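Peer 1: Sharing a model that was predicted from the sequence below.
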Amino acid sequence: MRLELHKVFVKDVSWGGDTRVDGGTLFINREEMLAVAKQDARFATASLELARPGESVRIIPVKDVIEPRCKLKGPGEVFPGFVGGMQTVGEGETLVLDGAAVVTCGPIVAFQEGLIDMSGPAADYSPFSGTSNVVLVVEPVEGLDQHDYEAALRETGLKLGWYLADRCREARVDEVKVYEMGGPVEESAKYPDLPKIVYFCMSITQGLLHDTFLYGADMKHLVPTLIHPNEKMDGAMISGNCVSSCDKNTTWHHLNDPVVEELYSRHGKEIVFLGVIPTLEDTRLAGKERTSWFNANLARMLGADGVVVSEEGYGNPDTDLCMNAAKCENLGIKTVIISDEAAGTDGKSQGLADAAPEITAFVSAGNVNEMIELPAMDKVIGFEESIANLSGGAEESLRKDGSMFIELQAIIGSTNELGFSRIGARWV
Amino acid sequence: MVREIENTAGIPVVQIATIVPIMLTVGANRIVPGVAIPHPVGDPSRGEEGDKAVRRELLERALRAIQTPIEEQTIFTS
């Protein structure tokens, strides 16, 4: 399977003329783009705003972030099940507006969204403080069910991501990255002496606006399955999550999964990368047992020597994490987990809600409860008062002068469990 | 909280929650497995009557658990 990512580097974004990339700036025809958003009758109001790196701008509450992409050569179209038809992705050529992002913003559940600051201390914690953002701000029609509202915002965000890339097909490509790899049988035969590694990408699949989609299918109704790494970076997995923002995997994160990237770069040299298993975090104990058995069995049948497990969210998914690690270790498959910790504002509490003695390798993505002081921004896109209801915020978080004192978990991507953050550790 | 009530006040506690491994980890002694995270003490998918039956069964099981002498962490599955 061969996928070429044709990257156009975007360093700035501006309104004006035809939608295009010129000299590193993404120019957008505002009316045309807004018309795409307004195709959805479920929005009462819709508007578009720009937010650039370094500006004194706060975006709140953020639901999802999408990297603008479209297929130059198929089969299929990016974001299958939502844009274009239903075909597998991961082959051919995909245009990427690298450095640009569509950010969807609107109060849905009044909690469990996040914020992006384009400058100041919070900017160190979110990758989206460094992207040139086009922000869609919407309000739903009266009486719209929250699930319909979430679906509308999710679908429209993806459509806008596709729209931007589609209009820039003629842009000068700055870099072509090639990802080429066969299936697990073929690659294992090619490198018989290298350890074989599979990646479990745990995803929140709990209903009540906590969902992840695989090829348009609501994952909570699926059992774990195997996909090629190219599929993941070509839009097979989509976020439908309204959940604590620090460690939710936005659609942008799925497209740019650093675990996939790193395993790929070591494939054929240090390891054999067998593939990605998108897996669930069920709301029932039996579901967690079933899922972790499926994962461990799939790993065993693939002949895996090792597994990398990334978590999404915290709390009850910590049990899925423990079960995945324990079952694999008990089958003789070495396991390393990546998770953040809810260790309290002083960092002294137990990091995970659950524990398993079989876990011997744990990469921490940071403490979600760490407090941070955020100064007021000159401009707020969205609804500032939402901080009172966000995870990591409280009624008293927002002061009259616009400054805030919050937990890291209110900042989108701050403790991302795919490891897409600047948080690190040092020996003391 | 479960442990503190038992240790400090000496009142036996039964915990109904969905994710049994977490209860075992945090040290609950009398454990009744709940239904699902969004609805631990009922099952709305079974309709009003069914939901009520599930609720009653869980509550009665919990009351039995409180009265049962135990020597170690115990999961009451019936």
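Peer 2: Nice, thanks for sending it over.
Peer 1: Please tell me the pLDDT value assigned to the residue nearest the centre of chain B.
Peer 2: By Cα atoms, centre = their mean, the mean C-alpha position of chain B lies nearest to residue B:16, the distance being 2.4 Å. Listed pLDDT for residue B:16 reads 95.
Peer 1: Check residue A:92 too.
Peer 2: Residue A:92 is assigned 98 on the pLDDT scale.
Peer 1: Just give me the neighbour total for it.
Peer 2: Residues near residue A:92, counting by other Cβ atoms under 10 Å in any protein chain shown, number 17. All C-beta spots, glycine's among them, are computed from the backbone N, C-alpha and C.
Peer 1: The closest residue to it other than its chain neighbours pairs with what?
Peer 2: Among residues not flanking residue A:92 along the chain, residue A:73 sits closest, at 4.0 Å (Cβ to Cβ, 6 or more residues apart in numbering or on different chains). Note on residue A:73: beta-bridge partners by DSSP bridges are residue A:93.
Peer 1: Next, count neighbours for residue A:73.
Peer 2: Neighbours of residue A:73 (other Cβ under 10 Å): 11.
Peer 1: What of residue A:177?
Peer 2: 14.
Peer 1: if we can go back for a sec, does the residue nearest to residue A:92 really touch residue A:93, like I thought?
Peer 2: Yes - contact criterion Cβ atoms under 8 Å: residue A:73 and residue A:93 qualify, at 4.2 Å.
Peer 1: What residues does residue A:289 make contact with?
Peer 2: Residues in contact with residue A:289 (Cβ atoms under 8 Å, 6 or more residues apart in numbering or on different chains) are residue A:323.
Peer 1: how about a cut-off of 10 Å?
Peer 2: A:282, A:319, A:320, A:323, A:327, B:21 (Cβ atoms under 10 Å, 6 or more residues apart in numbering or on different chains).
Peer 1: repeat for residue A:378
Peer 2: Residues in contact with residue A:378 (Cβ under 10 Å, 6+ apart) are A:55, A:56, A:57, A:58, A:119, A:402.
Peer 1: taking these one by one, which sit in strands?
Peer 2: Members of the contacts of residue A:378 lying in strands (criterion: DSSP state E): A:57, A:58.
Peer 1: What subset of the contacts of residue A:378 is buried?
Peer 2: A:55, A:57, A:58, A:119 (16 or more other Cβ atoms under 10 Å in any protein chain shown).
Peer 1: who does the strand or helix carrying residue A:178 touch, helix- and strand-wise?
Peer 2: Applying DSSP states H and E as the criterion places residue A:178 in strand A:175-180. When contacts are defined as 3 or more Cβ pairs under 10 Å, 6 or more residues apart in numbering or on different chains; DSSP states H and E, strand A:175-180 packs onto strand A:2-9, strand A:92-98, helix A:229-232, helix A:258-266.
Peer 1: elements contacting the helix or strand just after that strand?
Peer 2: Counting by DSSP H and E, the next helix or strand C-terminal to strand A:175-180 is helix A:184-190. Of the remaining helices and strands, those touching helix A:184-190 by 3+ Cβ pairs under 10 Å, 6+ apart are strand A:196-202, strand A:272-279.
Peer 1: Show me where chain B has its helices.
Peer 2: With DSSP state H as the criterion, chain B has helices at B:2-4, B:20-26, B:47-67.
Peer 1: nearest to residue B:32, of those helices?
Peer 2: Among these, helix B:47-67 comes nearest to residue B:32, with 5.0 Å by Cβ to Cβ.
Peer 1: which of the residues in that closest one are buried?
Peer 2: For helix B:47-67, by 16+ other Cβ under 10 Å, it's B:51, B:54, B:58, B:61, B:62, B:65.
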